[in-house]
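Asker: I need the structure of the sequence given here:
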Amino acid sequence: MIPIASLIIFIIYFYNLHLLTRIKDAINMVLWKYRDKVSEFTLVISDRFTVNAEIPFDKIERVDNYYIYLTDGETVIPIHRVLEIRRNGRTIWSRK
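Answerer: Numbering: from 1, shown residues only. The predicted structure is shown next:
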């Protein structure tokens with residue numbers, strides 16, 4: 001059973017995340033506001049070689065208006081490829 005306080009916090013968090021219109025803002029919110037829990041989040045992107053790829057948020061170094069930069073120093077993902085943000089397997093943001 002989920003404690004009611006945790007459920008209320010999750011609903012407020014989920015509602016606020018959906019108010020964001022840009023994926024950049026949603027990614028930055030997770031990276032900065034939830035930096036101590038960043039391992040709970042994954043980014044789902046469309047990939048040319050596979051149907052969908054999941055990237056753990058702890059692999060994301062930074063994001064700008066056009067690209068997501070990963071910590072390996074080589075991988076750069078165009079921001080338009082982002083489909084969803086998931087927390088513990090639940091979709092909390094998706095491209096409409």
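
Asker: from here on, contacts and neighbour counts on C-alpha atoms
Answerer: OK.

Asker: pLDDT below threshold where in this protein?
Answerer: Under the criterion of pLDDT under 70, the regions of the chain flagged as low confidence span 1-2, 7-21.

Asker: one more pass at 90, please.
Answerer: When the per-residue scores of the chain are filtered using pLDDT under 90, the ranges that remain are 1-23, 25, 35, 47-51, 92-96.

Asker: secondary structure element for the residue positioned nearest the centre of the chain?
Answerer: Computing the C-alpha centroid of the chain and ranking residues by Cα atoms, centre = their mean puts Ile85 first, at 3.6 Å. Ile85 belongs to strand 82-87 when assigned by DSSP states H and E.

Asker: and the gap between the closest residue to Thr91 other than its chain neighbours and Val63?
Answerer: Spatial nearest neighbour of Thr91, excluding adjacent residues (Cα to Cα, 6 or more residues apart in numbering): Ile85 at 5.9 Å. Using Cα to Cα, to the nearest Å, Ile85 is found at 14 Å from Val63.

Asker: apart from its neighbours in sequence, what residue is nearest Thr71?
Answerer: Distance criterion Cα to Cα, 6+ apart; nearest residue to Thr71, sequence neighbours excluded, is Glu61 at 5.0 Å.

Asker: for Arg95, same thing?
Answerer: Leu83 (5.4 Å).

Asker: show me the contacts for Glu61.
Answerer: With contacts taken as Cα atoms under 8 Å, 6 or more residues apart in numbering, Glu61 has the following neighbours: 68-71.

Asker: also Val30?
Answerer: 38, 41.

Asker: SS state for it?
Answerer: Local secondary structure at Val30 is given as helix here, using DSSP: H, G, I helix; E, B strand; the rest coil.
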